[in-house]
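Undergrad: Provided below are the primary sequence and the corresponding predicted coordinates.
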Amino acid sequence: MALKFSGGVEPRLWPPLIDGTYAIVLTLLVIELPALTLDLLHDYNHEELGVAVLISSLLRLIGGYLGVFLVVYDIWSKKRRLLEISEQHFRISGFENFVVLFSLFLATLLPPLYYVLNQVRQDYLVHPLLGRASWLEQIEIDTVSILFLLDGVLIYVLILLGAIRRCRQIRKCQSLKLSDQVLATELMDADAQLRALRWDAALRVLLAPLIFIAGRAWLPPPGPALIYGFSGLWQTRPKPSH
C-alpha cells in the first residue's frame, strides 16, 4: 500500500483552527505573566534595592509581554489574510497543509520560549543586585534569545513562502487571459494583496536579526520587543485595480 502525505484540506476549514490556536497562545502569555510578576516580587522582597529598581523591572516585564502580544497579533493577521485569499480563489495543497500545521506548531512554542527567556534574564539581572553570583552566563541568555527569534522568524518565512506560491498561481491564471472581466479584476486585487503581504513578511524576516543585534549591542529590554511589535502594525497597502 502506497504512503502519501495527507491531501489538501478546504481553505475554509483552516481559520477556526488558526483562530483557536492563536487565542490559546495569547491566553498562555497572559497566564504566565502573574507567575513571573510574583517571582519578581519575591526576589525583591525584604531587599533594600529601592522602589525605582522594582518599578523598572516590572515595566520591563510588562513592556516585553506587550511586544510579544503585538508580534503574535501580527502573525495571526498575516496568516488570516493569506487564508482569506486562498479561500476565495484556491484549494490548499498537501504541501500547504504541512506549512500551516508546522507554523501553528511554531506558534505554540512562543509562550514557553518567552517565559524561559524572561526567567533567565530576570535571574541574570537580579542576582548581582542581591549580592549573589548568577548561575547563568550571557551566552546562555543569547542562546535562548536566538531560539525565540528563530521561532518567530520561521513563522514569517512560512507566510512568505505561502504568499509567493499564491502569487505564482495567480499569474498563471492571469496569463490565460480570462474572458470573465469580474474574475480578472478579482485576481488582480488578490495579486496586489498577496504582493503586499509578501513584502510585509519579507520585511519582518529581515528586521528581526537587526532588532536582535541592536538589543545585544545597546538597546535594553523591552526596547527590542516593543519596536518589533509596534513595527508590525504598519502594513503595506495594496493598490486597487482599475
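TA: On my side now, so go ahead.

Undergrad: any idea how far residue 38 lies from residue 17?
TA: Computed as C-beta to C-beta, to the nearest Å, the residue 38 to residue 17 distance reads 33 Å. All C-beta spots, glycine's among them, are computed from the backbone N, C-alpha and C.

Undergrad: correct me, but residue 167 touches residue 191?
TA: Yes - counting by C-beta atoms under 8 Å, residue 167 does reach residue 191; the two are 6.4 Å apart.

Undergrad: more neighbours: which of residue 38 and residue 17?
TA: A count of neighbours by other C-beta atoms under 10 Å puts residue 17 above the other of residue 38 and residue 17, at 13 against 10.

Undergrad: which of residue 167 and residue 191 has more neighbours?
TA: Between residue 167 and residue 191, residue 191 has the larger neighbour count (other C-beta under 10 Å), namely 21 against 17.

Undergrad: double-check the more buried one against residue 172; I have them as touching.
TA: No - applying C-beta under 8 Å, one finds residue 191 not in contact with residue 172, separated by 11.1 Å.

Undergrad: low-confidence ranges, the chain, go.
TA: The chain contains residues with pLDDT under 70 at 1-11, 46-50, 92-93, 126-136, 174, 176-180, 182, 239-242.

Undergrad: contacts for stretch 59-78?
TA: 18-19, 22, 25-26, 29, 33, 36-37, 40, 107, 110, 114, 118, 122, 152, 155-156, 159, 197, 200-201, 204, 220-222, 224-230, 232-233 (C-beta atoms under 8 Å, 6 or more residues apart in numbering).

Undergrad: kindly apply the preceding question to stretch 230-238 instead.
TA: So stretch 230-238 is in contact with 67, 70-71, 73-74, 189, 192-193, 195-197, 199-200, 204, 207, going by C-beta under 8 Å, 6+ apart.
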